[in-house]
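Participant: this one's structure only:
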């Protein structure tokens, strides 16, 4: 592994970003030449503070539309040579696309490498415009393998080449830019890089499920979608609420034996999650429902499976939140709905601890 070059070594072809040009300025009082006044000092301090905020959150990298954060932008500046002092330049080795984006690109019939390059060229980041999602990446920074917590949809990305596809993971050579506000985890020495990217992509769910079962009694839980995220959710429920009766539903039963072998559940149904009638016939009155599927129209199924005032956690980029809200109207169910946020404090520690408790918990493709 080679250390990442410092920003100073990137060359001065484009020079450093002049963030002050992007800061709205008020009308300052004129001062005599060469004379420092209190007004000038306060103005300089204010400009400096604004510049720090702009750099911290990456506003200066946004090309369009101006004023939004990089994740919400249509296009960002991904040039590695135009680096602000507060930015970290990382050497990107692997893209771990989210399952919703992977499914959409695969079903489009376009070669996945071509579509990734097309999106990055157009948007300056790997932000699928159809699914509005990205995934995570693995990179090297100062000789250490890292996985940023921020979504690919928020990281300026420049790709030099795209290699082999391994399921949701794609080998690449390129650079990324991390802003001061972005957290990242150093991959533990000896840990498989592909496993690290897979685990840290879903790490926040483990923490949020842990919080849910610790904050309220959970007698019955349903996990819709039994892929890696669903299995991790079951592991968290089992660890922190061992008496909870866990149900699992997925149209694909490929993980059912593993779930049984781990002792998470034997209540498993091969069901299309979009079929609300089948879901409610399988299980109902759940204190907790965790939705991890990568297909649309599963919101009503999740709401119907929950008990009155039960908790539904949506950890799916295919979720349509208008549909989720209207599902409560259509079913007359008063439930608490929670968006599983992209990051959660100590998420890396939690998912790595689960991997120690349950070896071979997650599936990876080599």
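Facilitator: Thanks, I have the structure now. As the structure is a prediction and not an experimental result, all values here were calculated from the model. Numbering: from 1, shown residues only.

Participant: only C-alpha atoms for contact and neighbour calcs from this point on.
Facilitator: OK.

Participant: Mind jotting down where the strands sit in the stretch 101-250 of the chain?
Facilitator: For the stretch 101-250 of the chain, the strands defined by DSSP state E, counting those that start in this stretch occupy 135-141, 144-148, 157-166, 169-178, 184-186, 220-224, 245-250.

Participant: Could you pull up the residues touching the residue nearest the centre of the chain?
Facilitator: Nearest to the mean C-alpha position of the chain, by CA atoms, centre = their mean, lies residue 151 at 4.2 Å. Taking CA atoms under 8 Å, 6 or more residues apart in numbering, we find residue 151 in contact with 71, 134, 135, 136, 342.

Participant: One more pass at 6 Å, please.
Facilitator: 135, 136 (CA atoms under 6 Å, 6 or more residues apart in numbering).

Participant: so how far is residue 115 from it?
Facilitator: Counting by CA to CA, to the nearest Å, the gap from residue 151 to residue 115 is 18 Å.

Participant: next one: residue 326
Facilitator: From residue 326 to residue 115 the distance is 34 Å (CA to CA).

Participant: what's the answer for residue 75, then?
Facilitator: The spacing between residue 75 and residue 115, counted by CA to CA, is 16 Å.

Participant: cool, and residue 211?
Facilitator: In terms of CA to CA, residue 211 sits 38 Å off from residue 115.

Participant: And those two? Which one has more around it.
Facilitator: Legend: neighbour count by other CA atoms under 10 Å for residue 211 and residue 115, higher for residue 115 (17 against 14).

Participant: Now that one: closest residue in space, sequence neighbours ignored.
Facilitator: Nearest non-adjacent residue to residue 115, counting by CA to CA, 6 or more residues apart in numbering: residue 105, 7.3 Å away.

Participant: Give me the buried positions along stretch 266-276.
Facilitator: Within stretch 266-276, the residues scored as buried using 16 or more other CA atoms under 10 Å are 267, 268, 269, 270, 271, 272, 273, 274, 276.

Participant: Per-residue pLDDT of the third one, please?
Facilitator: Model confidence at residue 269, expressed as pLDDT, equals 98.

Participant: is it fair to say residue 278 lies in a strand?
Facilitator: No. Counting by DSSP: H, G, I helix; E, B strand; the rest coil, residue 278 is not part of a strand but helix.

Participant: for it, what are its contacts?
Facilitator: So residue 278 contacts nothing (CA under 6 Å, 6+ apart).

Participant: For residue 105, see how far away the nearest residue to residue 75 once chain neighbours are set aside is.
Facilitator: Computed as CA to CA, 6+ apart, the closest residue to residue 75 that is not its neighbour in sequence is residue 123, at 4.2 Å. Distance of residue 123 to residue 105, computed by CA to CA: 16 Å.

Participant: Okay, now the unreliable bits of the stretch 251-366 of the chain?
Facilitator: Along the stretch 251-366 of the chain, segments meeting pLDDT under 70 span 341, 366.

Participant: run the last query once more with 80
Facilitator: By pLDDT under 80, the weakly predicted segments of the stretch 251-366 of the chain are 318, 340-342, 365-366.

Participant: correct me, but residue 223 touches residue 248?
Facilitator: Yes. Between residue 223 and residue 248 there is a contact under CA atoms under 6 Å: 4.9 Å.

Participant: Could you check which of those two has the larger neighbour count?
Facilitator: Of the pair residue 223 and residue 248, residue 248 is the one with more neighbours under other CA under 10 Å, namely 28 against 25.

Participant: separation between the more buried one and residue 266?
Facilitator: Noted for residue 248: a distance of 8 Å to residue 266, by CA to CA.

Participant: any idea how far residue 75 is from residue 126?
Facilitator: Here the criterion is CA to CA. By it, residue 75 lies 10 Å from residue 126.

Participant: Which of the two has more residues huddled nearby?
Facilitator: Neighbours around residue 75 and residue 126, counted as other CA under 10 Å, are more numerous at residue 126. The numbers are 31 against 23.

Participant: and that one, what pLDDT?
Facilitator: 98.

Participant: Also residue 23?
Facilitator: 36.

Participant: Check residue 7 too.
Facilitator: What the model reports for residue 7 is a pLDDT of 37.

Participant: and what of residue 2?
Facilitator: According to the prediction, residue 2 has pLDDT 40.

Participant: Ok, residue 53 next?
Facilitator: Looking at residue 53, its pLDDT is 89.

Participant: and if you look at residue 83?
Facilitator: Per-residue confidence (pLDDT) for residue 83: 93.

Participant: Am I right that it falls within a strand?
Facilitator: No. Secondary structure of residue 83 (three-state DSSP): coil, not part of a strand.
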